[in-house]
Every structure is written in structure tokens, then in C-alpha cells.
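Engineer: Provide a 3D model corresponding to the input given below.
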Amino acid sequence: MNPIQRLAKAFWGFPIETLCRSRGFVCISLGRTHIWVPTQFAHEVKTAIERITTLEVPFLSQLESSPIIIFYSAKEQMQNARLGIFSISDNYLAWHSEGIATFLIHACFQFGEQGSPNAKTAKWLREHGFADGLIEPFE
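Structural biologist: Numbering: from 1, shown residues only. Sure, this is the predicted structure:
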């Protein structure tokens, strides 16, 4: 964990985890990454994790080995790979496990790529047969 991630974890980690617990969210782990979602999405998240672990997603090992916090936020979108904090919104959850897998794949590219992670995410999703509706926001 780099010093910035350590600071972010101390500053954001405890309040986010406390808030998620108070809302009845469950925590699903992907290595050291913690994904906090309402219980009704837990199965979808587990299915998405199973899918991406079989697809050989670039940088997945970095995502798994870093102390990242991903939490559900209905409308707000927060993505900061440098701090290791992401929020997953209804836009992804509407696509169920495929949307969650897309979100996690994009997080991998944000975490591991320099330059344009959106374009690389779109290209990778297209090559692996994801729906156009999931790819278009990254193009």
C-alpha cells in the first residue's frame, strides 16, 4: 500500500465501512478489495467476481492485492484509483452481474493503466463479447 492509499484508507475507510454497515450492506471480498453492497446485490457481485476471474482480466492481480474500497452509491460516482476508493452506482447494477463485472474490469484498467483506461476498457469488453450498452459509455 502506498502512502497515499494508506492515508485514504485511514481517512475514508472507517467512515465508509461504518456507513455501509449501518445501512445493512454486506462486504464481499476480492482479495484485499472490499465491495460493500446492499444484500440484494450480493449474489450478483459474487457471480461477477466468478466471471472476471475466469476471463484473465489485465491488472486483476493488482486489484486483488490492493486494499481498495468499493461501495454502493445510488447516484454518485466516485472513481479514484490513486486513493483506492470507488463507488458502484445503479447504472452498473441495472445490468446485474454483467454490469458489476464491467465495473470491476474498468477498475482494473484504471488501477493498472497509464493513459486512457476508458478506451482500453471498451476495447477489452468488445473483444470479450460484452453488450454494446455496457461498452458505449467508455467510448
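Engineer: now stretch 70-87: mean pLDDT?
Structural biologist: The average pLDDT within stretch 70-87 is 74.
Engineer: measure that stretch end to end?
Structural biologist: Stretch 70-87 has its terminal residues 5 Å apart, counting by Cα to Cα, to the nearest Å.
Engineer: try stretch 132-139
Structural biologist: 10 Å.
Engineer: If you count neighbours, what's buried in that stretch?
Structural biologist: Residues Leu134, Ile135, Phe138 are the ones in stretch 132-139 that count as buried (16 or more other Cβ atoms under 10 Å). C-beta coordinates here come from the backbone N, C-alpha and C atoms, glycine included.
Engineer: quick one: contacts of it?
Structural biologist: Asn91, Trp95, Glu98, Gly99, Thr102, His106, Asn118, Ala119, Thr121, Ala122, Leu125, Arg126 (Cβ atoms under 8 Å, 6 or more residues apart in numbering).
Engineer: For it, what is the distance to the chain centroid?
Structural biologist: Its chain's C-alpha centre and that of stretch 132-139 lie 16 Å apart, by Cα atoms, centre = their mean, to the nearest Å.
Engineer: Please apply the same query to stretch 51-58.
Structural biologist: That offset, for stretch 51-58, works out to 13 Å (Cα atoms, centre = their mean).
Engineer: tell me the mean pLDDT over that stretch?
Structural biologist: For stretch 51-58, mean pLDDT is 88.
Engineer: buried ones in that stretch?
Structural biologist: Arg51, Ile52, Val57, Pro58.
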